[in-house]
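# turn this into a model:
(chains A, B, C and D)
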Protein chains: 2
Amino acid sequence: MDETTARRKPTIRDVAAAAGVSRGTVSRVINGGHWVSPDARTAVEDAIRRTGYTANHAARSLATGRSGSLAFLLTEPQHLLFQDPTFALLLRGAAEALAQRSMTLVLLVAGTPAERAGVATFVGAGHVDGVLLISSHEADPLVEQLLEAGVPTVCCGIPLGHEANVPTVSVDEIGSAREMTRYLRSQGHRRIAMIAGPHDTPGGRFRLVGFEEEMGADFDPGLVQEGDYSQESGAVAMTRLLERTSDIDAVFAASDLMAAGAIAALRKAGLRVPDDIAVAGFDDSGLAATHEPPLTTMRQPWDRISDEMVSLLLEVIDGGRPQPITLPTTLVVRDSA
Amino acid sequence: MDETTARRKPTIRDVAAAAGVSRGTVSRVINGGHWVSPDARTAVEDAIRRTGYTANHAARSLATGRSGSLAFLLTEPQHLLFQDPTFALLLRGAAEALAQRSMTLVLLVAGTPAERAGVATFVGAGHVDGVLLISSHEADPLVEQLLEAGVPTVCCGIPLGHEANVPTVSVDEIGSAREMTRYLRSQGHRRIAMIAGPHDTPGGRFRLVGFEEEMGADFDPGLVQEGDYSQESGAVAMTRLLERTSDIDAVFAASDLMAAGAIAALRKAGLRVPDDIAVAGFDDSGLAATHEPPLTTMRQPWDRISDEMVSLLLEVIDGGRPQPITLPTTLVVRDSA
DNA sequence: ACAGTGACTGTGACCGGTCACAGTGTTGCT
DNA sequence: AGCAACACTGTGACCGGTCACAGTCACTGT
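Residues are numbered from 1 along each chain as shown, chains lettered A, B, ... in the order given. Coordinates of the predicted model:
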């Protein structure tokens, strides 16, 4: 009886025995099945079905030297992870892209220095085959460490200061910002303010560059405030802008969250959006469509970003040196601008 | 030269050689160090430092039969993952709790039927030691499958229909709902409506039960609408309530997101919160404090929930049959009610 | 008739740990 | 003195795969 209940999981040897072939043949069938006779293949496939065999991940890892998993590494300070719906989108996309390749997604959070150290040794130990690095600030020593340790890494957004060395997937920040700016001007706005992201992040820097380029002679540095992508920072930035000038037409925020904060601040000041001031966001995060009023924003192709990151990383793991990928964004016009 | 560059990672044998002891002793030092002489211990620790040794996860897994990782299994349809900041909180908490134990968190998403099947075989194959099951609806076959397969599982929130069989970590739903209701009544509100969660989720059912209990004779089933926790559903529910009656004092929503939706609907109808109608939420998710107006809500102790889930699951994995854990919530009074 | 080729198969070593077990040496007790 | 108990250490087998290599066999060309 306990013979039956305590039966351990079938191994490749059990399958081999059941199919009347050797372990090697079973292994070959499992891994693509080249140089296997049709008879043997069907016998093995049948045996696998009968025994309910599933490969042992650990054993395979040990033999091949690959873990079959990638790390999703978050380096942002924690409050952003909480607020920003963006991460969830990327995370889900990456998890699905990996699941399709029967690999797994290991979540690593490197906020505190202690966590960062833990992550470095963990990754260095080869527990994962590569790292999907999310939104790192400039001169992040972690990027340096990973590269030095030879850990295959792909960044989301061009990591400032490491432009040349790391494969990246990013959107056309400058082009997107120009497009949004162009749109705002096409609506007749002239005094346009920008609530930029942190200047040590690619989104913070390049969206501002695009804005400045497109504004040309009309660019007024006095109408630029910097936030940290969070809603509060958007509100604070908007309040400062209002204190300084009163002739603002429109506001371009570098994230939807900041746009929402700005709108809240405007509302408090008795101004109406978009009637008195137009507000545009960036990301087309979940919040944009349900916000009141719905936000005009630049859509980032989150699913494609995570997909491309995964493919790129797998390429790197296989020894490739792939080109950086730049994806297009699309302008989504709703009610706020 | 390539001798130096191509040097492979040090193994336990390298450490043993460097320390002048056997593999067994090194292994003992690594695993707690019982029955090891102080001399040997320091020699080994020193050798580990010198060689830069880190244990090979796969090899250990293979030998011990444990993977050293837990699955964070999301069974909600996707839109909830995107909108609900709650998941991010739980996820982060769980990842940290595991990192402290040098285990890892594998993210699994089981939305579509295909994904669910993939998850079942993946988990069944023993790639993870246990499952942290997040927010399952009633009669979710996945719960059944996991239990049948003997996979250690801990649920977040009492899984309806499996109350007796699964270890769970949950908050006192009924008590919390009663407390909030009591608070609303203490503020002088009498005609209180509820926007409940889906009746096939514990939060949907028990928060309504608590509300009903506390309202007693004043309970009016006509003032109850059901949403799906999302912001839109809150707005829809609120609109329906307004169509039906005009004497509502206050609204108790079973999630902050629905509260936000309700407030948006009220605003559209020209009603002011809290002056005309008070609105209370549930969760104290990130949105609650920054919302305009800031939401009065019940705080769920997210960090403790994830912590307790992890400890409970580890207990189950070690063969224990731990008691379900119920955690207290706290009333957070802000401006919306 | 025989070497050569290509398709297929089986075998043993190995990946890097853990664990049970069999020592070894020291101490304490009778 | 003899023996047990205790603290510590080393060894070989094993976990479940993969891979290189050595066969085996049928078929082809000369």
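
# wasn't A:Phe211 part of a helix?
Yes: under DSSP: H, G, I helix; E, B strand; the rest coil, A:Phe211 sits within a helix.

# now do the buried residues in stretch A:317-337.
Within stretch A:317-337, the residues that count as buried by 16 or more other Cβ atoms under 10 Å in any protein chain shown are A:322, A:325, A:329, A:332, A:334, A:336-337. (Each C-beta comes from the backbone N, C-alpha and C, glycine too.)

# next, format those as a markdown table and append distance to DNA strand C.
Output for these, formatted as a markdown table (distance: Cβ to the nearest atom of the strand, whole Å):
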| residue | distance to DNA strand C |
| --- | --- |
| A:Pro322 | 28 |
| A:Ile325 | 33 |
| A:Thr329 | 45 |
| A:Val332 | 50 |
| A:Arg334 | 55 |
| A:Ser336 | 56 |
| A:Ala337 | 57 |
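
# any idea how far A:Val128 is from A:Ser69?
As judged by Cβ to Cβ, to the nearest Å, A:Ser69 and A:Val128 stand 5 Å apart.

# assign the spatially most central residue of chain A to helix, strand or coil.
Taking Cα atoms, centre = their mean, the centroid of chain A lies closest to A:Leu90, which sits 4.3 Å from it. Following three-state DSSP, A:Leu90 is assigned to helix.

# got the contact list for it?
Listed by Cβ atoms under 8 Å, 6 or more residues apart in numbering or on different chains, the contact partners of A:Leu90 are A:72, A:134, A:156, A:302, A:305-306.

# from these, which land in helices?
Counting by DSSP state H, the contacts of A:Leu90 place A:302, A:305-306 in helices.

# which of these sits closest to DNA strand D?
Of all these, A:Ser306 has the smallest distance to DNA strand D: 27.1 Å, by Cβ to the nearest atom of the strand.

# please give the element, helix or strand, for the closest residue to the closest one other than its chain neighbours.
Of all residues not flanking A:Ser306 in the chain, A:Gly93 sits nearest, at 3.0 Å (Cβ to Cβ, 6 or more residues apart in numbering or on different chains). Per DSSP states H and E, A:Gly93 falls inside helix A:85-100.

# okay, the closest residue to DNA strand D within the stretch 151-300 of chain A: pLDDT?
Closest contact between the stretch 151-300 of chain A and DNA strand D, by Cβ to the nearest atom of the strand, is at A:Pro152 (17.7 Å). In this model, A:Pro152 is scored at 93, pLDDT.

# now swap in A:Ala139 and tell me
Note on A:Ala139: pLDDT of 68.

# which single residue of the stretch 101-250 of chain A ends up nearest chain B?
A:Ala125 (3.9 Å; Cβ to the nearest Cβ).

# list the contacts of that residue.
If you count contacts by Cβ under 8 Å, 6+ apart, A:Ala125 has them with B:54-57.

# can I get the buried residues of stretch A:317-337 in JSON lines including pLDDT?
Formatted as JSON lines, the buried residues of stretch A:317-337 follow (pLDDT from 0 to 100):
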{"residue": "A:Pro322", "pLDDT": "92"}
{"residue": "A:Ile325", "pLDDT": "94"}
{"residue": "A:Thr329", "pLDDT": "97"}
{"residue": "A:Val332", "pLDDT": "97"}
{"residue": "A:Arg334", "pLDDT": "97"}
{"residue": "A:Ser336", "pLDDT": "96"}
{"residue": "A:Ala337", "pLDDT": "91"}
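
# now, the residues you listed that are in strands?
Of the buried residues of stretch A:317-337, the ones assigned to strands by DSSP state E are A:325, A:332.

# list, one by one, the residues from the stretch 151-300 of chain A near chain B.
By Cβ under 8 Å from any Cβ of the partner chain, the residues of the stretch 151-300 of chain A that approach chain B are A:231-232, A:261, A:264, A:267-268, A:286, A:290, A:292.

# most surrounded residue in the contacts of A:Leu90?
Most neighbours among these, by other Cβ atoms under 10 Å in any protein chain shown: A:Phe72, with 27 neighbours.

# settle it for me: which of A:Ser69 and A:Val128 has more neighbours?
Ranked by neighbour count (other Cβ under 10 Å), A:Ser69 and A:Val128 place A:Val128 first, with 26 against 22.

# now the helices: where do they sit in the stretch 101-250 of chain A?
Secondary structure of the stretch 101-250 of chain A by DSSP state H, counting those that start in this stretch: the helices cover A:113-124, A:141-148, A:173-186, A:202-215, A:231-244.

# quick check: angle from the shortest one to helix A:113-124?
In other words, helix A:141-148. If you take axes from the mean of the first three to the mean of the last three Cα atoms, to 10 degrees, helix A:141-148 sits at 10 degrees to helix A:113-124.

# same for helix A:141-148, what does it pack against?
The contact analysis (3 or more Cβ pairs under 8 Å, 6 or more residues apart in numbering or on different chains; DSSP states H and E) places helix A:141-148 against helix A:113-124, strand A:130-134, strand A:153-156.

# after the helix or strand where A:Gly24 lies, next one along is what?
Assignment of secondary structure by DSSP H and E places A:Gly24 within helix A:23-30. Where DSSP H and E defines the elements, the next helix or strand beyond helix A:23-30 is helix A:38-51.

# in that next one, what counts as buried?
Quick answer for helix A:38-51 (16+ other Cβ under 10 Å): A:40-41, A:43-45, A:47-48, A:51.

# counting contacts, what elements does that helix pack onto?
helix A:12-19, helix A:23-30.

# count the neighbours of the residue in the stretch 101-250 of chain A that DNA strand D sits nearest to for me.
Proximity of the stretch 101-250 of chain A to DNA strand D (Cβ to the nearest atom of the strand) peaks at A:Ser102, 11.8 Å away. The tally of other residues near A:Ser102 (other Cβ under 10 Å) stands at 13.

# gap between it and A:Ala125?
Applying Cβ to Cβ to A:Ser102 and A:Ala125 gives a distance of 22 Å.

# what does A:Val26 give?
According to Cβ to Cβ, A:Val26 and A:Ala125 sit 30 Å apart.

# do the same with A:Ala269
53 Å.
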